[in-house]
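[1] Coordinates for the following, if possible.
(one chain, ligands or ions: 1)
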Amino acid sequence: MYYGADYYPEHWPQERWETDARLMREAHINLVRMGEFAWSLFEPQQEHYDWDWLKRAIDILAAHGISTVLGTPTATPPAWLCQAYPGIMAVERNSQRVTFGERRQYCPTNASYRALSRGIVTAMAEQFAGNPHVVAWQLDNEFGGHHPRCYCPECQCAFQDWLLQRYGTLAALREAWGTHFWSHDYTNWAQIPLPVDSNGVSNPCLELDFYRFASEQWVAYQQLQIEALRRVIPAHQRITHNLMGFNFQEIDYFDLARELDFVSWDNYPIFQTGDPAYIALNHTAMRGLKDMPFWVMEEQSGPSGWQVMSRQPRPGQIRLWAYQAIAHGADAIVYFRWRTCRFNTEEYWHGILEHHGQPRRRYYEVQQMGQELARVGEKLEGAMPPKAAAIIMSYDDIRTLRLQPGARGLAYNDIISSYFRALHQLGIPVDIVPPNADLSLYKLVVAPILHLVTQEWADNLSNYVNQGGTLWVGARSGVKDTSNRVVDSPLPGLLAELCGVEVEEYDAIGRASTCEVELDKALLGLGELRLAGHTWCDILQPRGDTETLAYYASDYYTGKPALTRTRYGLGTAFYCGFMTDTGTMLPLVRYLVESTGLEPWSGLPEGVEVARRAKEGIELTYLLNHTTEPQSVALPGAMFELLTQTNTSSSIELGPYGLAILSPVAIDKLS
Ligand code: GAL
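    Numbers count the residues shown, from 1 in each chain. From the prediction side, this is the model:
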């Protein structure tokens, strides 16, 4: 398994490189990522290149058994370039052009920047394609960070062209966007504005298309780099990009991931302290982009922050976070960064080594994990979680709901994560998938909210249920069409027939008040259960044979259906009209899970996480203790623990921030 660090040899005197390589080897590091911000050194003047220093660094590292991932340096166009080509600088939504001084200043649409990028990427590829120590390429760095959308004149023309391709005629665009409203009818394409600040609240249909356009610009810009590389590099040098997790939602990552050989992403758990489930959600979402193992290209290895730094990772936490990533599908861990930089913006963003470069506590923790992976890493990589439950995620919904949440406090991430947490807490393996995914392998599919629905997606869900699947659809679904207009049939629109239900009325409750819900005990067998919903409620009217499983018990809609279940073909569809928190919905989700034949993990102590990965018929169970206390976890039976190479009894003790990797069979049978 690759185990590495992000290394910036250019930040240190060359005399130090040998020491770094030796310390890395002693920590069992076998991979570095280099070069992704070094354009000003690679090309100090236009078309005058210097690659020697990087070649030297690669050689020194290789002599210690360390391979290299090369980053293309386009996230940081140098000062000479920005001065010579001022048109490449992105324009913000407030119509101000970005100036030089940070990074990621460029517009991905700009033709000059595209040509310059092709130039540097090709030149770099020609130098390193034949280098036996280069195993992969990372394109740019964190597309969309800092300036996710550009509002420059070139983007405006490109957007107008994009719309022409999409709609064909102005009549079609006018219909799709409802432009009779407030005299927004366009009589030629050049009139179509960008949704800049001075527009005020612009048309949500235009806004959604602009988001889509801007996302596609990144995908196209990435494609240009992929093509430039593939023309030159051998197939065994694989191509990736470092994405930013579930949390970053400015680019449709399903699209961005499509042409990459594998996904990698940058994991900084300390910014989600105390919430390992949210980190798990991020890993899960990144694995789901290609439904294959991923890499962590930047894994937190110290206190982090630009002006103010986070708390220190507690002893054991760096290792635990890295194993958590592996538990959810990471096949490589690369720490950010090898040594803490002494200068410029990231002086306080710590790496494995302190500023002084001498090994300390965090280095020894990384070394411990390196030793472990050297022994068992091969057994872990390549495995995938078993297919059990899927949660549907849609970038269109992220955008539409950001533009118009509909109720105060309605937040897409909260809705998705409330369901994810419930399933995760029950120990059910979850995938995060797009609405057009092949759902046939899942026993349970949850659409926590599917606000914008296309006919293709509705058909995909219907086919899944028709063939025996169980689908749970959450409130406020089926509201919008592809253009971001409200549908003209009773809600949930294209999902009404499948769910056997109509939304009679809705109430945008917000977060300041709640609605009471009472579950039907006879039907659900859950005993007396009243719960509080919040944010939104759909007041339901079942159609045909649809059963009502819960009723509202407050306000003028007391006694009206709140949760329904219907048979559709061979399967079952639930529609849940209310929103609530993980804790509140847990009994319901447990009921749902059990109704599909999936088995929740029982008796998991709070703060202990379970995750599974299987390959070649053998499933490894990861137990991760995210608490500061020792925890005892009951096991389904005696198992074999890989890291300690011991057999367990029917329970296992996990130390503070400790973990176990359990196999049903002894390690020798695994190899
Ligand atoms: C990441 C980025 C790195 C570094 C790090 C710390 O998002 O990819 O280059 O900037 O954050 O700020």
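
[2] Residue 182 in helix, strand or coil?
    Following DSSP: H, G, I helix; E, B strand; the rest coil, the label given to residue 182 is helix.

[3] what's the distance between the residue in the stretch 151-300 of the chain positioned nearest to the ligand and residue 460?
    Using Cβ to the nearest ligand atom, residue 266 is the residue of the stretch 151-300 of the chain that sits closest to the ligand, at 5.0 Å. Every residue, glycine included, has its C-beta placed from N, CA and C. Here residue 266 is placed at a distance of 31 Å from residue 460 (Cβ to Cβ, to the nearest Å).

[4] Comparing those two, which residue is more hemmed in?
    residue 266 (22 against 18; other Cβ atoms under 10 Å).

[5] List the contacts of residue 87.
    By Cβ atoms under 8 Å, 6 or more residues apart in numbering, the residues touching residue 87 are 110, 112, 152, 154.

[6] Greatest separation within those residues: which pair is it?
    The span of these, defined through Cβ to Cβ, is set by 112 and 152 at 11.7 Å.

[7] Look at these two and report which has more neighbours.
    Higher neighbour count among residue 112 and residue 152: residue 152, with 21 against 16, using other Cβ under 10 Å.

[8] which residues touch the nearest residue to that one once chain neighbours are set aside?
    Using Cβ to Cβ, 6 or more residues apart in numbering and skipping the chain neighbours, the partner closest in space to residue 152 is residue 91 (4.1 Å). Each residue near residue 91 by Cβ under 8 Å, 6+ apart is listed here: 97, 98, 107, 150, 151, 152, 155.

[9] at 6 Å what do you get?
    97, 150, 151, 152 (Cβ atoms under 6 Å, 6 or more residues apart in numbering).

[10] ok, those vs residue 535, which is closest?
    Residue 535 has its nearest neighbour among the contacts of residue 91 in residue 151, at 31.8 Å by Cβ to Cβ.

[11] and residue 60, backbone torsions?
    When read as degrees, to the nearest 10, the backbone of residue 60 gives phi -60, psi -40.

[12] oh, I was asking about residue 484
    phi 80, psi 20.

[13] Strands along the stretch 201-350 of the chain, start to end?
    Along the stretch 201-350 of the chain, the segments classed as strands by DSSP state E, counting those that start in this stretch run 238-240, 242-243, 264-267, 294-300, 330-336.

[14] Make TSV out of these and add mean pLDDT.
    Putting the strands of the stretch 201-350 of the chain into TSV (pLDDT from 0 to 100) gives the following:
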stretch	mean pLDDT
strand 238-240	98
strand 242-243	98
strand 264-267	98
strand 294-300	98
strand 330-336	98
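
[15] possible to save those strands as TSV with distance to residue 252?
    Below are the strands of the stretch 201-350 of the chain laid out as TSV (distance: least, Cβ to Cβ, whole Å):
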stretch	distance to residue 252
strand 238-240	17
strand 242-243	11
strand 264-267	15
strand 294-300	17
strand 330-336	22
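
[16] In three-state terms, label residue 536 for me.
    Per three-state DSSP, residue 536 ends up strand.

[17] Next up, the contacts around it.
    Counted by Cβ under 6 Å, 6+ apart, residue 536 has contacts 407, 475, 476, 579.

[18] What strand or helix carries the first one?
    Looking back up the chat, that one is residue 407. Here residue 407 sits in a region with no helix or strand, counting by DSSP states H and E.

[19] From the ligand, how far off is the nearest residue to it once chain neighbours are set aside?
    Residue nearest to residue 407 in three dimensions, not counting chain neighbours: residue 508, with 3.7 Å by Cβ to Cβ, 6+ apart. Here the criterion is Cβ to the nearest ligand atom, to the nearest Å. By it, residue 508 lies 36 Å from the ligand.

[20] Determine how far the last residue of stretch 307-323 lies from the first.
    Taking Cα to Cα, to the nearest Å, stretch 307-323 runs 29 Å from one end to the other.

[21] how far does that stretch sit from the chain's center?
    Averaging C-alpha positions (Cα atoms, centre = their mean, to the nearest Å) puts stretch 307-323 20 Å from its chain's average.

[22] can you check stretch 191-208 too?
    On Cα atoms, centre = their mean, the centre of stretch 191-208 falls 27 Å from the chain's centre.
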